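Enquirer: Have a look at this fold, sequence not included:
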């Protein structure tokens with residue numbers, strides 16, 4: 001009788017251990033992101049914004065250069081007070097360009113973060129849905145770990161792409 005109880009306990013423990021080993025998955029979010037039309041659209045919008053900022057800065061720099069050259073030509077004939085005022089104007093323009101550059105960089109980073117956040121959230125929601133549907137214990141980013149066993153972990157990238165309606 002004692003042997004029967006021990007055998008039953010071993011069988012139950014073995015069954016429980018086998019069930020406790022859940023399924024593990026891995027995913028390549030970069031591959032998914034690059035396949036999304038939203039990603040391409042976001043990149044194009046960010047590039048257009050960057051081009052606009054660069055054009056604005058270029059025109060400001062051209063204006064500064066033009067005024068600087070005009071000042072160089074006439075500075076010898078200008079009274080000291082006008083010369084100082086023009087130098088201050090040039091310095092103010094230069095500082096305005098520097099501030100505009102910094103503001104543009106911050107605006108670009110913010111726009112990029114906002115656009116990428118929406119895309120990342122969409123991908124994360126799809127990963128969660130695939131994980132729940134497939135009863136995965138974990139789905140890890142493929143590139144975030146030094147090693148992932150492809151025999152013990154399932155690549156769910158294609159499933160996530162399908163969930164997002166991608167090819």
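Expert: All right, it came through fine. Being a predicted model, the structure only gives us computed values, none of them experimental.

Enquirer: residue closest to the middle of the chain?
Expert: Centroid-nearest residue in the chain, with C-alpha atoms, centre = their mean: residue 116, separated by 5.0 Å.

Enquirer: close enough to count as contact, that residue and residue 45?
Expert: No. With contact defined as C-beta atoms under 8 Å, residue 116 does not reach residue 45; the gap is 11.4 Å. Glycine gets a C-beta too; all of them are placed from N, C-alpha and C.

Enquirer: Which parts of this structure are helices?
Expert: In the chain, the helices defined using DSSP state H lie at 2-20, 29-35, 37-74, 80-133, 157-163.

Enquirer: now the angle between helix 37-74 and the fourth one, please.
Expert: So that's helix 80-133. 170 degrees (axes from the mean of the first three to the mean of the last three C-alpha atoms, to 10 degrees).

Enquirer: packing partners for helix 80-133?
Expert: Counting contacts by 3 or more C-beta pairs under 8 Å, 6 or more residues apart in numbering; DSSP states H and E, helix 80-133 is packed against strand 23-27, helix 29-35, helix 37-74, strand 136-141, helix 157-163.
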